[in-house]
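Novice: Predicted model and sequence below, questions to follow.
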Amino acid sequence: MAIDITPCSPALGAEIRGVDLSQPLDDGTLQALKDAWFEHLVLLFRDQDLTDHDLVRFSGYFGTCDKAPPNEAANKLSDGYSPDLPEVTIISNVVVDGVEIGSLGASECAWHTDMSYNPEPADASALYALEVPEAGGDTAFLNMYKAHDALPDSLKERIGGRKAIHDATFTSAGGLRKGLEPPTDVSKAPGAHHPILRTHPETGKTMLFLGRRTNAYIVGMDVAESEALLDEIWGYTTNDDFVWTHQWRKGDVLLWDNRSVMHRRDDFDPSVRRLMHRTQLKGEVPFYTG
Ligand SMILES: [Fe+2]
């Protein structure tokens, strides 16, 4: 069956039909998927039926699978769904015997880049939907090439060569990470320092790299000046024209380029089960300052 590639929106995302991810991919199919991925930034595969080994094999075609991130669900693989694969993280609100089996609960997750508080953020992330609520829990993606291109030249000049702190204290769902305190001075917040403008190592295009807004800080500025400039940048970035929102179905697999997109999640009814298995690819290829 030939591969069909259909854009999901004018902003980004493409649905791939004609590929069964429970089977190994041949070289021609893999190249077609990589080409589509770098063009559309997020790939959607529907109606998949995967084991965790299948999910890890598929993810590994695009890079090197990382182990479950710290403070995430590495210690929560006891729900009976996941074998002992350290590459698979559970994202879920399900509670068994009083213990959360996964991460992030049912609350909203603000715009973010996975693991950007680390010196080498993940190159990519994948999510496989095993159980989804009837409504809520949608995941939205934002094209950071388009966000960059929308900035006035004067603003690009002001942030060119600048770095920002990507605060490590909170998860994308707003939870405080173990062992950390909320920063009282964002200029001293723990977390990696990354250039705000970066060049993608595969496409050579420049993109904005913001991570998340909470507790962000542009290095070398007064806090008030940094706050004002960040608000100005984010005002151009969070534009519906750059966004595609995905409504999940059981069996969906999404693979996104964590370098060139941000993502967020809607909240959902906490009494309804939502269960995802997640992988991420190591940040192996260096980013370059744009
Ligand atoms: Fe995320």
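Specialist: Happy to help now that I have it. Numbers count the residues shown, from 1 in each chain.

Novice: okay, CA-based contacts and neighbour counts for the rest of this
Specialist: Will do.

Novice: For Val186, grab phi and psi.
Specialist: The phi/psi pair for Val186 (degrees, to the nearest 10) reads phi -60, psi -20.

Novice: Can you classify the nearest residue to it once chain neighbours are set aside as helix, strand or coil?
Specialist: Once flanking residues are discounted, Val186 sits nearest to Asn215: 5.5 Å by Cα to Cα, 6 or more residues apart in numbering. At Asn215 the chain is in coil, as set by DSSP: H, G, I helix; E, B strand; the rest coil.

Novice: OK, contacts around Asn215?
Specialist: Contacts for Asn215 (Cα atoms under 8 Å, 6 or more residues apart in numbering) come out as His166, Asp167, Pro183, Val186, Ala189.

Novice: Of those, just the buried ones, ChimeraX syntax please.
Specialist: Per 16 or more other Cα atoms under 10 Å, the buried members of those correspond to this ChimeraX selection:
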select :166,167,186,189
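
Novice: And the closest residue to Arg17 other than its chain neighbours, how far from Ala106?
Specialist: Once flanking residues are discounted, Arg17 sits nearest to Asp4: 4.9 Å by Cα to Cα, 6+ apart. As judged by Cα to Cα, to the nearest Å, Asp4 and Ala106 stand 34 Å apart.

Novice: So for the two, which residue has more residues nearby?
Specialist: Under the neighbour definition other Cα atoms under 10 Å, Asp4 and Ala106 were set side by side, and Ala106 has more, 23 against 11.

Novice: still on that earlier bit, contacts only, for the residue nearest to Arg17.
Specialist: Residues near Asp4 by Cα under 8 Å, 6+ apart: Glu15, Ile16, Arg17, Gly18.

Novice: Also Ala11?
Specialist: Leu142, Asn143, Asp241, Phe242, Val243, Trp244.

Novice: mind redoing it with 7 Å?
Specialist: Asn143, Asp241, Phe242, Val243, Trp244 (Cα atoms under 7 Å, 6 or more residues apart in numbering).

Novice: Any stretches of the protein with poor pLDDT?
Specialist: Within the chain, the segments meeting pLDDT under 70 span 1, 68-84, 285-290.

Novice: Would you state the strands of the stretch 101-250 of the chain in chain order?
Specialist: In the stretch 101-250 of the chain, strands defined by DSSP state E, counting those that start in this stretch lie at 103-104, 109-112, 124-131, 139-143, 163-165, 193-195, 197-199, 206-208, 217-218, 243-246, listed in chain order.

Novice: These: which one's closest to Ser9?
Specialist: For the strands of the stretch 101-250 of the chain, the distance to Ser9 is smallest for strand 243-246, at 6.0 Å, taking Cα to Cα.

Novice: would you list every one of the helices in the stretch 1-150 of the chain?
Specialist: Here the stretch 1-150 of the chain has its helices, by DSSP state H, counting those that start in this stretch, at 27-40, 52-60, 144-150.

Novice: Take these and lay them out in TSV including distance to Val96 and mean neighbour count.
Specialist: Conversion of those to TSV gives the following (distance: least, Cα to Cα, whole Å; neighbours: other Cα atoms under 10 Å):
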stretch	distance to Val96	mean neighbour count
helix 27-40	37	15
helix 52-60	20	19
helix 144-150	38	21
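
Novice: Save those helices as CSV, and put in distance to Ala11 too.
Specialist: Formatted as CSV, those follow (distance: least, Cα to Cα, whole Å):
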stretch, distance to Ala11
helix 27-40, 8
helix 52-60, 24
helix 144-150, 8
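
Novice: Go through those helices and name the closest to Gly283.
Specialist: Closest of these to Gly283 is helix 52-60, at 12.9 Å (criterion: Cα to Cα).

Novice: Please save the CA atoms from that closest one in CSV.
Specialist: Output in CSV follows, covering the C-alpha atoms of helix 52-60 (Å, rounded to 0.1, in the frame of the first residue of the first chain):
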residue,chain,number,x,y,z
ASP,A,52,5.7,-1.0,23.8
HIS,A,53,8.5,-2.8,21.9
ASP,A,54,6.9,-1.6,18.6
LEU,A,55,6.7,1.9,19.9
VAL,A,56,10.4,1.9,20.9
ARG,A,57,11.4,0.4,17.6
PHE,A,58,9.4,3.0,15.6
SER,A,59,10.8,5.9,17.7
GLY,A,60,14.3,4.6,17.3
